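J.: Need a 3D model of the following:
(2 chains, ligands or ions: 3)
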Amino acid sequence: MALDSKIPAGDISRKWTDYKDHLKLVAPNNRPKIDIIVVGTGLAGASAAASLGEMGYNVKAFCFQDSPRRAHSIAAQGGINAAKNYQNDGDSTFRLFYDTIKGGDYRAREANVHRLAEVSANIIDQCVAQGVPFARDYGGMLDNRSFGGTQVQRTFYAAGQTGQQLLLGAYSSLSRQIGLGRVQMYNRHEMLDIVKVDGKARGIIARNLITGELERHSAHAVIIASGGYGNVYFLSTNAMGSNVTAAWKIHKKGAHFANPCYVQIHPTCIPVHGSNQSKLTLMSESLRNSGRIWVPKKKEDAEAIRAGKMKPTDIKEDDRDYFLERRYPAFGNLVPRDVASRAAKERCDAGFGIENNDTQEGVYLDFSSEIINKGKQTAYAQGNHHPSDEEVIKLGKAWIEEKYGNLFQMYEQITADNPYEVPMKIYPAVHYTMGGVWVDYNLQSSIPGCFVAGEANFSDHGANRLGASALMQGLADGYFVLPYTVSDYLANEIRTGTIPTNTAEFDAAEANVKGQIDGFLNNNGTKTVDHFHKKLGHIMWNKVGMGRNEQGLTEAIAEIAALKAEFYKDVFVPGTADELNTELEKALRVADFIDLGQLMARDALQRKESCGGHFREEYQDAEGETLRDDENFAFVGAWEYQGDDINNEVLHKEELKYEYIKIAARNYK
Amino acid sequence: MASNKNINITLKIWRQKNAKTKGNIETYKLDNVSTDSSFLEMLDQLNEQLVGNRQEPVAFDHDCREGICGMCSLYINGQAHGPAHKVTTCQLHMRSFKDGDTIYVEPWRSKAFPVIKDLVVDRSSFDRIQQAGGFVSVNTTGRTIDANATPVPKHDADRAFEAAACIGCGACVASCKNGSAMLFVGAKVSQYALLPQGKVEATQRVLSMVRQMDEEGFGNCTNTGACEVECPKGISLENIARMNREYLFASVK
Ligand SMILES: Cc1cc2nc3c(=O)[nH]c(=O)nc-3n(C[C@H](O)[C@H](O)[C@H](O)COP(=O)(O)OP(=O)(O)OC[C@H]3O[C@@H](n4cnc5c(N)ncnc54)[C@H](O)[C@@H]3O)c2cc1C
Ligand code: SF4
Ligand code: FES
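T.: Ligands and ions are numbered 1, 2, ... in the order given. Below is the predicted model:
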């Protein structure tokens, strides 16, 4: 099937407005006749469900947690971008559009990204109206900070808990709709298959995680907002439950999966501590506004630190290598994440890592200069022009605490080190997935009637997401895009009537799910689900991680295929199907991660270029920077499922045309 | 500095097959627990051991493991979220324990939070309280006024944020001898009461939320303050006072 992105004609700055004016509408009196299913209630799903409920549709929303308020979005720390130009520092819709395309290494769709930049300002208005307590300055106006990859201050935030506050805002709107009876909420339910009738999405099979019952739910349209798939690596910054199952299940039924190899590695996470570790914790990128990243200049010093014979504070200023400031003077510590991550890896690979464990990986994020700068500033602002050193440090620490207090606390809790006194140790970790289900301009997948929003789709981030743009995209999709495009699709459904669930299509989908569950429970293998998940993660991190090459990828494809065979033969899942069974939940998710992992490696293998988060070691310049190949690879790679063997998936290419932004090398020097 | 030690512990864990059956405490021995592990990583390790011995793992709630989603719960040695101050269970680390320790692990105890299985409880009553009025009735599809059109004093915004930082974990309820949800509800009511956007519906909001809270079977507040002490997010009792003022004001209106 050919890929039709359905990008409307016309000038980029008018596209969305003109297009919206011509989309079909569903009259208010017809909306209650239409059912919509929303899978996922993170930022994308909660905002979509609330908006569609508000419009008067019958909405059923699903999440696997005990409450929509706990979706992974809650963990986002740093902030959300919007082209408001409140700071009067030169921001505009165009500049946000430009930064995002460039940050995505020219592998995102211009039309989608422009629309995102256009609605970004509305998102902030909407959230403030909902009672989201963003940070304010003393004049009562909204405060901003900057994030990697930009030179303006356009990031809105609520301390280090922006995702929490935005999600609670969307959750409150969703709660209102639930209270009004317009949205029915299914907590602790996991969607395990999609049901198609005459080629269209018509419902889902969901498992009630408490009783184990398989339920059939029908609808005129299905929206998948199930988040990202970073947990394919086992260790990542994602919440433990984050998974690819909903996206993978629709892929198996005909939705193309785009750019799976585009994974963002975040530079500032707490390094791995040991083999029992279950996840990695992010330290918000906003810390790079105040922290300076360094490793020792001398190898002996790095060795002494690793051996515990020296402390970072023992190393003199001249003996520190502020490698980002050295290599990228224009952006310094605020280079985009892929650049910062690779630079850290390069130093650690060269033997300058500071972490005292078997990986020896880790660099410092040091706040001591900022504590002094801000301490002086505050003292002067208070009229004290001759503060003592102690006063300066005290005021500086207070300033840091006000801005990043919860992050510093979290760091200390996890590592038992006090980051006000000694620099943080950080290292890159898997964070966000730019790939996902392929969607057209309407956010519709290649299954008619099945829409995909938020991190689960591929659309707006290209090869590399800039900070503070995922929250923006989730809310843009849910509040401002889907209400229009889903309505356009549903305009042809007002006479369809309720869709019955006692049909052959629902029977088949339910039998399929039941077969898989019984297969696991009767397997009687010898190894735990986590055993396989960790093994998969190991292959992925080593061979489909921060740097990839042809040999490693080819090996990974074969190794994952072998792991898959072993998994189905030897996994042991205790318990029964008709109860809360956490091992069974994990087994079902890991099965999909294994397939996806193999597809990621295949996608990475075919993309013979380096771009953003995808660094193919064969394609780099003399200075170790990425070498893109725009002539041959300016496309979205969308994979079509062809049955059990992932090696048979077929690649379709959606060509990317840049009409409004001149494609150029990405340079942060 | 990271401690990097291994300890051996004994766990006394509440096992309960489902809401209908009775539960009991089971004893497990667990060796080689790294003191750098989190409490939940320690439970993962126990579960790997149990499943390896073909036994059923202990069910417990968790997701973000960053102290922000509010999903983890657990009574540890008789304290909600364990011994450390202002810390969720997922952020509690095993360095808080010593070699040879016996640790009691139980689910939240409260009538309004029935046990689902083992350590997992049903906290959906919190959702229903919020559905009763914990929101601003703004049309989520429309356009609204510019965000800076209504300045919010920094002090108010900061206090609203502090109240809004509640993660809905339920430790306040679990540690209250009356099983009261006043700290949670107070935090919600306060967040909106402090912001101009929330003022319009303030009266209706506090009345509806309090009514729902009572219907859910939560107990009364007798100002013992255990909730504040055990709250991992440091939500302050002031929020209860503010809610009471709002409620009184709304009732006489
Ligand atoms: C630690 C951290 C910090 C971050 N900081 C920032 C930041 O500062 N700025 C920024 O822009 N972005 C940030 N991000 C990224 C951003 O948080 C996510 O990309 C975004 O929140 C994803 O939202 P979502 O709605 O697409 O998915 P999620 O919030 O992941 O929601 C997924 C939903 O789907 C449900 N679900 C999944 N599968 C199923 C199924 N099979 N059946 C039923 N329900 C299902 C879940 O229950 C959940 O409700 C951060 C991410 C992390 C991990
Ligand atoms: S008030 Fe504190 S203890 Fe209670 S639910 Fe909120 S965060 Fe948890
Ligand atoms: S698991 Fe999210 S707060 Fe503990």
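J.: Please work out how many residues are found near whatever residue of the stretch 51-200 of chain A ends up closest to ligand 3.
T.: Residue of the stretch 51-200 of chain A nearest ligand 3, by Cβ to the nearest ligand atom: A:Arg70 (7.2 Å). Glycine gets a C-beta too; all of them are placed from N, C-alpha and C. By other Cβ atoms under 10 Å in any protein chain shown, 31 other residues sit near A:Arg70.
J.: which residue sits farthest out from the middle of the chain?
T.: All of this refers to chain A. Distance from the C-alpha centroid of chain A peaks at A:His386, with 46.7 Å (Cα atoms, centre = their mean).
J.: To clarify, I was referring to chain B.
T.: Quick read of chain B (Cα atoms, centre = their mean): farthest out is B:Ala149, 34.8 Å.
J.: got a pLDDT number for that residue?
T.: Here, the pLDDT recorded for B:Ala149 equals 96.
J.: The one 10 residues further on now?
T.: pLDDT for B:Arg159: 96.
J.: Could you tell me whether it really is in a helix?
T.: Yes - if the criterion is DSSP: H, G, I helix; E, B strand; the rest coil, then B:Arg159 is within a helix.
J.: what's the spacing between it and B:Val229?
T.: Going from B:Arg159 to B:Val229 by Cβ to Cβ, to the nearest Å gives 20 Å.
J.: These two - which one has more neighbours?
T.: In this view B:Arg159 and B:Val229 are compared by other Cβ under 10 Å, and B:Arg159 has more residues nearby, 21 against 15.
J.: Can you tell me, leaving aside adjacent residues, what's nearest to that one?
T.: Counting by Cβ to Cβ, 6 or more residues apart in numbering or on different chains, B:Arg159 lies nearest to B:Leu194, which is 5.4 Å off, once chain neighbours are set aside.
J.: now B:Tyr192: how far from B:Phe184?
T.: With Cβ to Cβ as the criterion, B:Tyr192 and B:Phe184 are 14 Å apart.
J.: so what's the residue of the stretch 51-200 of chain A closest to ligand 3 up against?
T.: A:Cys63, B:Asp63, B:Cys64, B:Cys69, B:Gly70, B:Met71, B:Gly168 (Cβ atoms under 8 Å, 6 or more residues apart in numbering or on different chains).
J.: rewinding a little: for the residue farthest from the centre of chain B, which three-state class applies?
T.: coil.
J.: Helix or strand next in line after the helix ranked longest in chain A, which one?
T.: Ranked by number of residues, the top helix in chain A under DSSP state H is helix A:389-415. Later in the chain than helix A:389-415, the nearest helix or strand by DSSP states H and E is strand A:424-433.
J.: so what's A:Cys269 bridging to?
T.: A:Leu282, A:Tyr427 (DSSP bridges).
J.: one step back: can you tell me the closest non-neighbouring residue to the residue of the stretch 51-200 of chain A closest to ligand 3?
T.: That would be B:Cys69: by Cβ to Cβ, 6+ apart, it lies 4.3 Å from A:Arg70.
J.: quick one, what contacts the residue nearest the centre of chain B?
T.: When Cα atoms, centre = their mean is applied to chain B, the residue found nearest the centroid is B:Cys169 (1.6 Å). Going by Cβ under 8 Å, 6+ apart, B:Cys169 touches B:Gly70, B:Met71, B:Cys72, B:Ser73, B:His81, B:Thr88, B:Pro232.
J.: Ramachandran coordinates for the first one?
T.: Backbone torsions of B:Gly70, given as degrees, to the nearest 10, read phi 80, psi 10.
J.: cool, the fifth one as well?
T.: Torsion angles at B:His81 (phi, psi; degrees, to the nearest 10) stand at phi 60, psi 10.
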